[in-house]
Structure formats: structure tokens, C-alpha cells
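**Student:** A predicted structure for the sequence below; I have some questions about it.
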Amino acid sequence: MPHTTKKIPQFGIADERSPTTVADRLRALGLDPFWKDWDPSILAA
């Protein structure tokens, strides 16, 4: 009899919460949300 394995995802990768919702939750946990997209030192070559 062949062995069959049902493939299931390890975890979901889609988080559809808004940035505001995420920031509010972080604040509720006593954390300070910080948004950073670019760093001048990364762009300097």
C-alpha cells in the first residue's frame, strides 16, 4: 500500500490587517511601533 501524505501549509503568509490595527495592538502590548523604509547608510555606496 503506498504511503500518502496530505500537504498542508506550515503557516499563512497573508496578513490583511491594516498598519493602524497592527500599531494599535503593539501599543496595547506595551511596545512602540516604529516604521522605517529607508536608511541613508544603505543607499550610500
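**Tutor:** Structure's in. What do you need?

**Student:** rest of the way, CA atoms for contacts and neighbours
**Tutor:** Noted.

**Student:** Can you tell me the element the spatially most central residue of the chain falls in?
**Tutor:** Centroid check for the chain by Cα atoms, centre = their mean gives residue 15 as the closest residue, at 6.9 Å. Following DSSP states H and E, one finds residue 15 outside all helices and strands.

**Student:** element containing residue 33, please.
**Tutor:** With DSSP H and E as criterion, residue 33 is part of no helix or strand.

**Student:** Please tell me I have it right and it contacts residue 20.
**Tutor:** No. The pair residue 33 / residue 20 is not scored as a contact, 9.9 Å apart, by Cα atoms under 8 Å.

**Student:** if you count what's nearby, which of those two comes out ahead?
**Tutor:** residue 33 (13 against 10; other Cα atoms under 10 Å).

**Student:** The more buried one and residue 18: what is the separation?
**Tutor:** From residue 33 across to residue 18, the span is 13 Å (Cα to Cα, to the nearest Å).
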